[in-house]
Structures are given as structure tokens and as C-alpha cells.
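Asker: Have a look at this prediction, sequence included:
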Amino acid sequence: MFYKDERLALFIDGSNLYAAAKALGFDIDYKLLRQEFERRGKLLRAFYYTALLENEEYSPIRPLVDWLNYNGYAMVTKPAKEYTDSLGRRKVKGNMDIELAVDAMELAPRLDHAVLFSGDGDFRPLVESLQRQGVRVSVVSTIRSQPPMIADELRRQADNFIELDALRDVIGRPPRDPRPEPIEPGATDA
């Protein structure tokens, strides 16, 4: 439940929201997402958290980060760390949980409602702390994916759970596949 006069802020765990939307088969239109929550209340801030690979020539997330930065989102980024796991596979680590939690705690005295776009159970203590400060917390994620993208303890702690799939028609767009459609063997171009 949202009230028109409440001050709200969005805290978007970029990689978590991306994974949830991908599991549901759609992309997020961030312009529509911002408009939807501006309609629901007095939007003070929309934070987007992501780690970036700095040593790569081209990062596929860089155009999104630049667009968000120029279109009203407060971008919080840090360099991702690359490492090789015990099986010799290249892995990337870039957890933004602490940055998100610190920003939410600092903004809490000026908020009525925080909207957390993440299903990460590590955020349960943050939600509980915000609630103790009088801030209502909505969590946006999905239980409709297999497996569900939201931790049960986070969903139970939140004042309100918003199913991401229910927002598909409001903030979604069909996924963009950068690869051309494969031509089936024996098919002809008409």
C-alpha cells in the first residue's frame, strides 16, 4: 500500500533485479519504473547499485549505467573483483549490499517508505532496522520463478511484498536478444 503524500526512496540491487526479471522473461524499462513510483508517492531518490568490470574494453552494462545516471537515478558503483575459483574458472565478485544498507540507514530519518528491489535474505536485518525507525518497507522480487528469487525470511519481514511479475505490464518490456534469430535448417528467406 502506497500513500500519495509519503516520502519514498527506491533501493535497487541491480544484479538481483536483473536476474529476477530475466527469470521471468522480461527486461525492466527503468524510465517506466521511475514514473510508476513517482506516481505512487513523493520519490526522493532512486538508487541503483552495481559493480563494474573496469579493465574490460567494453562492459555490456555501461550504457545502462550511463543512461540511469543521466535520467534521475543515483548510481552507486564500485569495481568488481575478478578471481579464479578452485576449478580454474574465471569468476567476478561485486557485492553491493553494504553500500545499499548504509544509504538506506542514512536516508531513513527522511523517509516514510523504502522500496527494496532485491530478494537477498541478507537484507532482512536492514528491513527490520528501517521498520524500527518507523519506515515502511516494500520488497520487490519474485516467487513465481523456479526457484523463487526471494528469500522467505525477507518476504516475511517486509511490510509489503510486491511480485515483480505483477509489475510486468507497468515497467516491463520484451527482452532484447542481441543475437540474430537462427535460421532453421531447410528454411528459406521469403
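Answerer: Happy to help now that I have it.
Asker: so Pro175 makes contact with Lys22?
Answerer: Yes: in this structure Pro175 lies within contact range of Lys22 using Cβ atoms under 8 Å: 7.3 Å. (Each C-beta comes from the backbone N, C-alpha and C, glycine too.)
Asker: So for those two, which residue has more residues nearby?
Answerer: Lys22 (14 against 11; other Cβ atoms under 10 Å).
Asker: Give the buried residues for the strand or helix carrying the more buried one.
Answerer: Assigned by DSSP states H and E, Lys22 belongs to helix 14-24. Neighbour counts using 16 or more other Cβ atoms under 10 Å place Gly14, Ser15, Asn16, Leu17, Tyr18, Ala19, Ala20, Ala21, Ala23, Leu24 of helix 14-24 among the buried residues.
Asker: tell me which strands and helices the next helix or strand after it is in contact with?
Answerer: Counting by DSSP H and E, the next helix or strand C-terminal to helix 14-24 is strand 27-28. Applying 3 or more Cβ pairs under 8 Å, 6 or more residues apart in numbering; DSSP states H and E, one finds that strand 27-28 contacts helix 14-24, strand 172-173.
Asker: Tell me which of those lies nearest to Arg124.
Answerer: Closest to Arg124 of the helices and strands packed on strand 27-28 is helix 14-24 (Cβ to Cβ; 14.0 Å).
Asker: Check what contacts the worst-scoring helix or strand of the chain on mean pLDDT and list those residues.
Answerer: Lowest by mean pLDDT, DSSP states H and E among the helices and strands of the chain is strand 90-93, with a mean of 77. The contact list for strand 90-93 (Cβ atoms under 8 Å, 6 or more residues apart in numbering) reads Ala51, Leu53, Ala80, Lys81, Glu82, Tyr83, Thr84, Asp85.
Asker: Swap in 6 Å and give it another go.
Answerer: Ala80, Lys81, Glu82, Tyr83, Asp85 (Cβ atoms under 6 Å, 6 or more residues apart in numbering).
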